[in-house]
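> the following block contains a protein sequence and its predicted model.
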Amino acid sequence: MNTTEVVAQLDKLDAVLRPGLFVLVVFLILLELAVLSIKKVSINHRGGGVSILSGAFVFGLEAVADFLFYLSITYWLYAHRILDMGFKWYVWVFCFLLYDLMFYVSHLLQHKVRLLWCFHSVHHTAEEMRLSTAVRGSMFDFIYAPPFFVRMCVPGIHPLMFIVVRTVSRVWGVPEHISEPLAGNMPGLNRIFITPDVHRVHHGKNAQYIDKNYAGVLSIWDRLFGTYVEYNEQPVYGILKPVDANNFFDIQFAEFNALYADVRATRGWANKLKLTLKPPGIIV
């Protein structure tokens, strides 16, 4: 099978998994909404709608980007791989661990580099935790997120394996955002996995919760690198800068506008670059 045929097959797989995941998430969001309504839990319907609209852009634009060039780049990198790893069970385990570690690193950088925070902050603008928050993201995520992960194919991980593991990781990330009345504390699972209460910490803007619990599936990365914090106080959700969490355009562009204003007000190209690369809140 030549490169064109392989990429076509990968595109077919991606064309099934990506929209399938979005449909599944929307179904779960509606199911959660119905249960919360029965329980008479107060719900921000407008905020949930903004999250779903954001998610539609995220999934749609990533799918277009995959079709146009990312899948071709992924297979090109695999064609120049270092090793032939194959599809043995331990390669799948290696692929999963590598992806989860890279997710941790990528996620940490999204909080520590201001330009990347402009993208990722959209996800944190939600002022409540429920499943719709899982799909709230920047419509421009396709610009920076895929290039970080496609390099996984260089050691010899087949693109098919990469796509499957990526999908599994994203599926796991959805219930992490489930509404608090529907999922309590899970101390046993917290030792190994990122559970809803562990991830709620990450979304809290409480002082002790900021920049904690970055991992995607396994909590061992946070424990290993010293960024793990237990849930011990009700989180206050949202970001520190004022933003209209119910306004699609505000959540998508507020941080970009703020960065642009700060860059314009900063003298010297070196300082402008430093401001873009330093953590949010750092003055050059």
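In hand now; what should we look at?

> just the strands in the chain please.
Read by DSSP state E, the chain holds no strands at all.

> could you pick out the longest helix of it?
helix 3-38 (DSSP state H).

> could you list the buried residues of that one?
Residues of helix 3-38 classed as buried under the neighbour-count rule (16 or more other C-beta atoms under 10 Å) are 6-7, 10-11, 13-14, 17-18, 21-22, 25-26, 28-29, 32-33, 36. Using the backbone N, CA and C atoms, a C-beta is placed for each residue, glycine as well.

> got it, and stretch 169-179?
Those would be Ser169, Arg170, Gly173, Val174, Pro175, Glu176, His177, Ile178, Ser179, for stretch 169-179 by 16+ other C-beta under 10 Å.

> mind listing residues that contact the least confident helix or strand in the chain by mean pLDDT?
Lowest on mean pLDDT, DSSP states H and E among the helices and strands of the chain sits helix 187-190, with a mean of 81. Helix 187-190 is contacted from outside by Thr195, Asp197, Val198, Ser219, Glu230, using C-beta atoms under 8 Å, 6 or more residues apart in numbering.

> please identify the buried residues of that helix?
Asn190.

> so how far is that helix off the chain centroid?
22 Å (C-alpha atoms, centre = their mean, to the nearest Å).

> give me the number of residues near the closest residue to Ala126 other than its chain neighbours?
Leaving aside its sequence neighbours, Ala126 sits nearest to Thr133 (C-beta to C-beta, 6 or more residues apart in numbering; 4.2 Å). Number of residues near Thr133 (other C-beta atoms under 10 Å) recorded here: 28.

> what is the rounded mean pLDDT of stretch 115-128?
Regarding stretch 115-128, the rounded mean pLDDT is 96.

> now swap in stretch 216-224 and tell me
Confidence over stretch 216-224, taken as the mean pLDDT, stands at 96.

> ends of it, what's the gap?
Terminal residues of stretch 216-224 are spaced 14 Å apart (C-alpha to C-alpha, to the nearest Å).

> show me what counts as buried in that stretch.
For stretch 216-224, the buried set under the neighbour-count rule, 16+ other C-beta under 10 Å, comprises Gly216, Val217, Leu218, Ser219, Ile220, Trp221, Asp222.

> swap in stretch 118-128?
Neighbour-count burial for stretch 118-128, counted by 16+ other C-beta under 10 Å, picks out Cys118, Phe119, His120, Ser121, Val122, His123, His124, Thr125, Ala126, Glu127, Glu128.

> could you find the closest non-adjacent residue to the fifth one?
Spelled out, that is Val122. Leaving aside its chain neighbours, Val122 sits nearest to Ser138 (4.3 Å; criterion: C-beta to C-beta, 6+ apart).

> all helices for the stretch 1-150 of the chain, in order.
Under the criterion DSSP state H, counting those that start in this stretch, the stretch 1-150 of the chain carries helices at the ranges 3-38, 45-65, 71-79, 89-112, 114-124, 141-150.

> now the fourth one against helix 114-124, angle please.
So that's helix 89-112. Orientation check (axes from the mean of the first three to the mean of the last three C-alpha atoms, to 10 degrees): helix 89-112 against helix 114-124 gives 100 degrees.

> and the contacts of helix 89-112?
Defining contact as C-beta under 8 Å, 6+ apart, one finds that helix 89-112 is touched by 85, 116-117, 119-120, 145, 148-149, 152, 155, 157, 161-162, 165-166, 168-169, 211, 214-218, 221-222, 225, 227, 279-280.

> where in this protein is pLDDT low?
1-4, 6-7, 282-284 (pLDDT under 70).

> need the helices for the stretch 151-284 of the chain, in chain order.
Using DSSP H, counting those that start in this stretch, helices in the stretch 151-284 of the chain cover 159-173, 187-190, 196-203, 220-225, 248-265, 269-277.
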